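Engineer: A structural model of the following input is requested.
(chains A and B)
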Amino acid sequence: MNQATQAIPIKPRDYKSELKPVWCPGCGDFAVLNAITKALAFMELPREDVALISGIGCSSRISAYTSLYGFHGVHGRALALAAGLKAARQDLTVLVAGGDGDGLSIGGNHFIHACRRNMDMTYIIMDNEVYGMTKGQASPTTAPDWADSKLTPHGTGIRPFQPAGLALTAGASFIARGFTGDPNGLAKILVAAIQHKGFSFIQALSPCPTFRPEQMQWKHHVREFDSETTSNPIEAAQRIQADDGMSMGIIFQNEYPVFRPGTGVDAGMGSIESEFTV
Amino acid sequence: MNAIKSCDISVAITGSGGAGAITAGELLLSLAGKNGCFGMMRRSFGPQIRGGEAAALVRISHSPVECMNDTFDLLLALDWRNADRFAEEIALRPDSLIIADPSAGKIPESISELGVDIIEVPMKDLAKAVPAGRPNMIALGLLSHWLGFCSDEAGRLIVEVFGRKGEEIVAGSRAAFNAGFTEPLIVEARESRPRAERGQASAMQSRWHFNGNQGCGLGAIRGGIRFAAAYPITPASDLLEWLSPRLEQLGGSLVQAEDELASINMVIGASFGGVPSMTATSGPGLALMTEAMGLAVASETPAVVVNVMRGGPSTGIPTKSEQVDLNMALYGLHGDAPHLVLGALDHVDCILTTEWSVRLAEALQTVAIVLTDQNLAQSTVLVPEPEYHLPEISGRSTAGPQDDYLRYDVTDSGVSPMAIPGTADSTYVADGLEHTESGKPSTAAADHLAQLDKRERKISSFDYGDHWADIRGEGPTAILTWGSTAAVVREASSRLQAAGHEVKVIALRLLMPASPDKLAQELQGIERVLIVEQSHSRQFYHYLRSFYEITAETRTLARPGPLPITPAEIVGQIENWS
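Structural biologist: Residues are numbered from 1 along each chain as shown, chains lettered A, B, ... in the order given. This is a model prediction of the structure:
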């Protein structure tokens, strides 16, 4: 809208707000913000035609750091709010971002249903395997023996979720993993995700220097996936299961039917009111 | 057309689930409409999907009725299975008439001991003699003859209703109806019994036939709702099922969500996108939605939630009515979260109140909770085509492209223009965190106070006009009520008036914000106040005590569901005041 009068911002910084993030120095989330702004600048999307929806947590603060339309909602419900927005406004580019706790614990049900619903939107989980805003508790992606939380002093004793595998089983049509140590690679994945027609899921490994300082070593372990993107869910499942979670790239992409509710034309109230007449 | 000989008759049709009692009741009410009558039908179900019990409770009258009567004049039992479960819902008198099938076994003692008049008609055998005939159509024929309805109208109605099921069903249904209509047992019974000769069917005027859920649905789309998201729940599901195809007809949509947490958030998302949006639910679902309703209040995103109350707490009595979510609607949101709560007073009022709620939510950029109940939602009325007038309310205030746009600008009215995604330059982030005028998260005391004041002011300073309550009659006694109980109170008041008691009925439609000054004015000179509600803990009474000054002598008539409060109970309370 208003493209005639509005010069399209072309620089990544044009997509940022003037607010200073609450994130700690060294937090991976800065790189996700940069990757998003780079991807949008590359695609030359007008700011007003993009909405970034987030929930609650350190990473969910991201919506306020962009100059896009945004909604910083309640904990765990960003995907649901985004689904309503996309259903009502199919012209908008809808991005959703948040943490592993927001998306996989309190919002877990919405995650699997968003995958299954396959609306045309892009969801980034900034995964640091910890709740940061509440000062360091285990999340659904935390290893069972991580015992640094006072809430679970013996570790959770529960095997973590495998987000990519979960997304695949639930029916996501685009599944990728990126690393915040490589913001350009992440931006490329984001461009492909936004261009993909359907629900695109990106697990962005985003180290937490404060509560999980050992994650600063991730940069020595990550690698590219050694095979191309597959459209075969069986191959994708095998690849996800065989991997240690440190391989990056677009794992799976398929053209599943996209859910686009109610694209009809307004036929007026008359015939509806006449139903009431005896 | 035969003249209807009785001006106000209540008929119950009972049967085990699947016997067709409800279909027979619905057709009987439609026939009443085609024969110049008004009426109402309440469905009573058990929780079973099939094989339980079902009763159609029908009241047919020459003048419009808004609630059921105290007792039933006629009970037609397709069978007696599970009849005991209805015994307390279908109050009979010694002069009531029973039509029953002798093959269905012995009439339960609780009924026979009343000394009622019984006509035995072998409905099952009569149906068997007709190809594709069913006992419920025999029953419809019997009742139509008893009520003096025109059989040609019935033939046309059967074609209308069953046409899609094929010729065999239509022919079978018509033949079964006729077999019932001309059955010598009913013809003789009718001729041999004296009947009241009161009243006259009114001239045929345009009539509407709908239930409360459909009324809310119509009000919603009249108000401008074009998106809904919802999760199925009794007794709100049929509102959603009604809405879904009709929103599509209007270029909108309904999305079935994974749960109520999702549905309310989808509503907020769609509304943020500029499309007036709603959901509908019942108590347990409303409980799940309360957190996100707080988000809608804080982020100033319009959202409408229709809550169809049922017996609670917890799963409670899902298929029966109770006025027990008032507390949750008023106080359930966390934090200081001013919002709107409205209650529909009768079927036509479901249309008005929902339309008004949508317009208010849009204008004030807040949450409006509309309370109805199972009693309204799932009962059908046949009423004159409704006409109502709502005050002019401007739609959602929107912002154009602005460089220094302040989404939460502290204005005099408290309402700030809302930029809709797609509008250049005015991008902003809607936030549930407390924020500055621009929407930036803030923990500053001054920002919190300014935004709290603004959100409160836009609701408290708005002029709601005369629609805050429905007020009828004058007298030294006032009855205060809300929701579907209002219709019962009105009927009681007309009976009281006929008996020489002058009563003023004040039914509150706008519950939050409260209107203490308006009520105080209405209560001037009132000596006694009776507060009527269907709640064990007297939620409405406590609400009135919290927000209003009532100095007159006050009593309450409050009791839980599932049995509806009857006009006779209210009349009794007033007549035996001292």
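
Engineer: now do the end-to-end distance for stretch B:273-292.
Structural biologist: End-to-end span of stretch B:273-292 (C-alpha to C-alpha, to the nearest Å): 17 Å.

Engineer: repeat for stretch B:411-429
Structural biologist: For stretch B:411-429, the end-to-end distance is 19 Å (C-alpha to C-alpha).

Engineer: give me the buried positions along it.
Structural biologist: B:414-429 (16 or more other C-beta atoms under 10 Å in any protein chain shown). In short, each C-beta sits where N, CA and C put it, glycine included.

Engineer: where's the residue most central in space within chain A, which helix or strand?
Structural biologist: Nearest residue to the geometric centre of chain A (C-alpha atoms, centre = their mean): A:Ile124, 1.6 Å. In the assignment (DSSP states H and E), A:Ile124 maps to strand A:121-127.

Engineer: quick check: the residue of the stretch 1-150 of chain A nearest chain B.
Structural biologist: A:Gly84 (3.1 Å; C-beta to the nearest C-beta).

Engineer: so what's that residue up against?
Structural biologist: The contact partners of A:Gly84, by C-beta atoms under 8 Å, 6 or more residues apart in numbering or on different chains, come to B:227, B:229, B:255, B:265-273, B:277.

Engineer: how about B:Ile369: which residues does it bridge to?
Structural biologist: B:Ile369 has these beta-bridge partners by DSSP bridges: B:Val305, B:Val341.

Engineer: report the entries of the buried residues of stretch B:411-429 that also contact chain A.
Structural biologist: B:419, B:421-429 (C-beta under 8 Å from any C-beta of the partner chain).

Engineer: how about CSV for the residues you listed, with secondary structure added?
Structural biologist: Shown next, in CSV, are those (DSSP: H, G, I helix; E, B strand; the rest coil):
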residue, secondary structure
B:Ala419, strand
B:Pro421, coil
B:Gly422, coil
B:Thr423, coil
B:Ala424, coil
B:Asp425, coil
B:Ser426, coil
B:Thr427, coil
B:Tyr428, coil
B:Val429, strand
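
Engineer: make a markdown table out of these and add distance to B:Ser10 and pLDDT.
Structural biologist: Shown next, in a markdown table, are those (distance: C-beta to C-beta, whole Å; pLDDT from 0 to 100):
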| residue | distance to B:Ser10 | pLDDT |
| --- | --- | --- |
| B:Ala419 | 56 | 98 |
| B:Pro421 | 54 | 98 |
| B:Gly422 | 56 | 98 |
| B:Thr423 | 57 | 98 |
| B:Ala424 | 63 | 97 |
| B:Asp425 | 64 | 96 |
| B:Ser426 | 59 | 98 |
| B:Thr427 | 61 | 98 |
| B:Tyr428 | 58 | 98 |
| B:Val429 | 58 | 98 |
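
Engineer: out of these, who's nearest A:Pro261?
Structural biologist: B:Pro421 (17.9 Å; C-beta to C-beta).

Engineer: quick one, strands of the stretch 51-200 of chain B?
Structural biologist: B:53-61, B:72-77, B:92-100, B:117-120 (DSSP state E, counting those that start in this stretch).

Engineer: and for the stretch 101-250 of chain A?
Structural biologist: A:121-127, A:174-179, A:199-205, A:223-224, A:247-253.

Engineer: can I get those strands in a markdown table with distance to B:Leu239 and mean pLDDT?
Structural biologist: Formatted as a markdown table, the strands of the stretch 101-250 of chain A follow (distance: least, C-beta to C-beta, whole Å; pLDDT from 0 to 100):
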| stretch | distance to B:Leu239 | mean pLDDT |
| --- | --- | --- |
| strand A:121-127 | 28 | 98 |
| strand A:174-179 | 36 | 98 |
| strand A:199-205 | 29 | 98 |
| strand A:223-224 | 52 | 96 |
| strand A:247-253 | 39 | 98 |
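
Engineer: save those as JSON lines, and put in distance to B:Tyr464 too.
Structural biologist: Converted to JSON lines, the strands of the stretch 101-250 of chain A look like this (distance: least, C-beta to C-beta, whole Å):
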{"stretch": "strand A:121-127", "distance to B:Tyr464": "39"}
{"stretch": "strand A:174-179", "distance to B:Tyr464": "49"}
{"stretch": "strand A:199-205", "distance to B:Tyr464": "43"}
{"stretch": "strand A:223-224", "distance to B:Tyr464": "63"}
{"stretch": "strand A:247-253", "distance to B:Tyr464": "54"}
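
Engineer: which residues sit in contact with the residue in chain A positioned nearest to chain B?
Structural biologist: Proximity of chain A to chain B (C-beta to the nearest C-beta) peaks at A:Gly262, 2.4 Å away. Contact analysis of A:Gly262 by C-beta under 8 Å, 6+ apart lists A:87, B:247-248, B:251-254.

Engineer: nearest to B:Asp447, out of the strands of the stretch 101-250 of chain A?
Structural biologist: Evaluated over the strands of the stretch 101-250 of chain A, closeness to B:Asp447 peaks at strand A:121-127, with 27.7 Å, by C-beta to C-beta.

Engineer: lowest-confidence helix or strand of chain B?
Structural biologist: Least confident helix or strand, chain B: helix B:83-86 with a mean of 77, by mean pLDDT, DSSP states H and E.

Engineer: give me phi/psi at the nearest residue to B:Leu78 once chain neighbours are set aside?
Structural biologist: Spatial nearest neighbour of B:Leu78, chain neighbours left out: B:Gly15 (3.4 Å); criterion: C-beta to C-beta, 6 or more residues apart in numbering or on different chains. Main-chain dihedrals, B:Gly15, degrees, to the nearest 10: phi -170, psi 170.

Engineer: how about B:Lys320?
Structural biologist: Per degrees, to the nearest 10, the backbone of B:Lys320 is at phi -130, psi 160.

Engineer: number of nearby residues for it?
Structural biologist: 23 (other C-beta atoms under 10 Å in any protein chain shown).

Engineer: what sits against it?
Structural biologist: Counted by C-beta under 8 Å, 6+ apart, B:Lys320 has contacts B:310-311, B:374, B:561-562.

Engineer: any chance of CSV for those, columns secondary structure, neighbour count and distance to B:Leu496?
Structural biologist: CSV is the format used below for the contacts of B:Lys320 (DSSP: H, G, I helix; E, B strand; the rest coil; neighbours: other C-beta atoms under 10 Å in any protein chain shown; distance: C-beta to C-beta, whole Å):
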residue, secondary structure, neighbour count, distance to B:Leu496
B:Arg310, coil, 29, 30
B:Gly311, strand, 21, 29
B:Gln374, helix, 29, 27
B:Gly561, coil, 23, 24
B:Pro562, coil, 18, 26
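
Engineer: fine, thanks again, bye for now.
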